[in-house]
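Student: Structure for the following, please:
(one chain, ligands or ions: 1)
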Amino acid sequence: MQPTDTVADTICRTVELGVTITGAAADSKDRTHIWCSVIDPDPRCPECRIAGQLRDRAERVLTDTPAAGHPVELHVAVPRFVCLTSGCPRSIFRADITGIAAPRSVVTTRTERWILQRIAIDKMSVAAVAANLGIAWKTVNQIAVGAARNMVYDGGHLDGVRHLGVDEHKWKHVRGQGDSSWVTVLIDLTPVVDGTGPARLLDMITGRSKQVLKDWMNSRGQRFRDRITVVAMDGFAGYRTATGEELPRARIVMDPFHVVQLVREARSMPYPHPAGHVRAPRPQERSSLQDPPDPAHPRRVSHRHAEEPAGRVVEQP
Ligand SMILES: [Zn+2]
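Tutor: Below you'll find the predicted structure:
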């Protein structure tokens, strides 16, 4: 027979966090509380790197992944040490538990990963994830945005970008007035051109205007701007002007999707199917003439390309 704490650690996978369960309870709010202690805490002072003397333990409360469908709150007893090294500026310090949770985070590191997996892979809403974890929508959203940003902005994500893609995307589908619903999407098309892999998402910025793109390009630095040789876009005059002003040496091309879309809009015909059949357009492929007017831009239909003249020049020198 295994000791009870070993069984509990196995069920709750707390061993992988580097803690062992010392107690548990369920509260009236459907939440499971798990008390645990740190296995093999590092007693070394962060300043002088010499082992200190155990003083006491301080509780840190962290939301963990749900157990048996119920939200979990982890109460980690973090050892505190006294540094006895003479001359060391640190007198008291806590054991390093960055393997369990990032500094100041309210959730465990594995919960951050769990949140991203539920949203990105399982397509769960932020509200559903928040309900599963028993924490606020805003907290989940902040964690998801932060984690995604850390993955995208890995420090070298702009290196090697030669072919840049720019497009707009309607981010929010809300009624009435509100914040800008549109974002400008920046894509690295270099791997596609080189045949080394798929396109990469570089950035998404609020708004769709010449100034938005100008500001983004301008804040990237001269080395980045000098490296860009081609910018593919949808033909929006604002993006074209911004690129011409900020990347005067780059060639502006219209991306194939928008070329085909313009031709199709000009003909008001569905795509011929490769097998010879005529396929009905999908909902997102509807002619812009069928789309409802965009309340934020009365002159525009929901996609701007209806304003563009059909049969325009595809590539500009
Ligand atoms: Zn010290």
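
Student: Report the secondary structure state of whatever residue of the stretch 101-250 of the chain ends up closest to the ion.
Tutor: Nearest residue of the stretch 101-250 of the chain to the ion, counting by Cβ to the ion: Pro103, 18.6 Å away. (C-beta placed from N, C-alpha, C; glycine too.) Following DSSP: H, G, I helix; E, B strand; the rest coil, we place Pro103 in the coil state.

Student: just for the stretch 1-150 of the chain, where's the confidence low?
Tutor: Within the stretch 1-150 of the chain, the stretches with pLDDT under 70 are 1-4.

Student: interface residues of it facing the ion?
Tutor: 45, 47-48, 83, 85, 88, 90 (Cβ under 5 Å from the ion).

Student: Please pick the buried ones from those residues.
Tutor: Buried by 16 or more other Cβ atoms under 10 Å: 45, 48, 83, 88, out of these.

Student: Not counting sequence-adjacent ones, nearest residue to the last one?
Tutor: Okay, so that is Cys88. Cys48 (4.3 Å; Cβ to Cβ, 6 or more residues apart in numbering).

Student: I figured the one you found hits Cys83, correct?
Tutor: Yes. Checked against Cβ atoms under 8 Å, the pair Cys48 and Cys83 is within contact range at 6.6 Å.

Student: now the helices for the stretch 51-200 of the chain?
Tutor: With DSSP state H, counting those that start in this stretch as the criterion, the stretch 51-200 of the chain has helices at 109-120, 126-133, 137-152, 190-194.

Student: contacts for the shortest one?
Tutor: By Cβ atoms under 8 Å, 6 or more residues apart in numbering, the surrounding residues in contact with helix 190-194 are 160-163, 197-200, 230.

Student: In that helix, which residues are buried?
Tutor: 190, 192.

Student: mind saving the C-alpha coords of it as PDB?
Tutor: Taking C-alpha atoms only, helix 190-194 is exported to PDB below (Å, rounded to 0.1, in the frame of the first residue of the first chain):
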ATOM      1  CA  THR A 190       9.600  34.600 -46.000                       C
ATOM      2  CA  PRO A 191       9.400  30.900 -45.100                       C
ATOM      3  CA  VAL A 192       6.700  30.400 -47.800                       C
ATOM      4  CA  VAL A 193       8.700  32.200 -50.400                       C
ATOM      5  CA  ASP A 194      11.800  30.200 -49.400                       C
END
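
Student: which other helices and strands contact the top strand by length along the chain?
Tutor: Criterion DSSP state E: the longest strand present in the chain is strand 53-67. When contacts are defined as 3 or more Cβ pairs under 8 Å, 6 or more residues apart in numbering; DSSP states H and E, strand 53-67 sits against helix 4-12, strand 32-38, strand 70-82, helix 109-120, helix 126-133.

Student: Where do the domain boundaries of this structure fall?
Tutor: Split into domains by automatic domain parsing, the chain comes to 1-101, 107-152, 163-307.

Student: Any idea how far apart the tips of the second one sit?
Tutor: Read it as domain 107-152. 21 Å (Cα to Cα, to the nearest Å).

Student: Report the buried residues of stretch 78-92.
Tutor: 78-81, 83, 88.

Student: ok, the residue of the chain most remote from its centre - contacts?
Tutor: Distance to the chain centre peaks in the chain at Ser86, reaching 45.6 Å (criterion: Cα atoms, centre = their mean). Ser86 is in contact with no residue at all, counting by Cβ under 8 Å, 6+ apart.

Student: Nearest spatial neighbour of His75, chain-adjacent residues omitted?
Tutor: Trp35 (4.5 Å).
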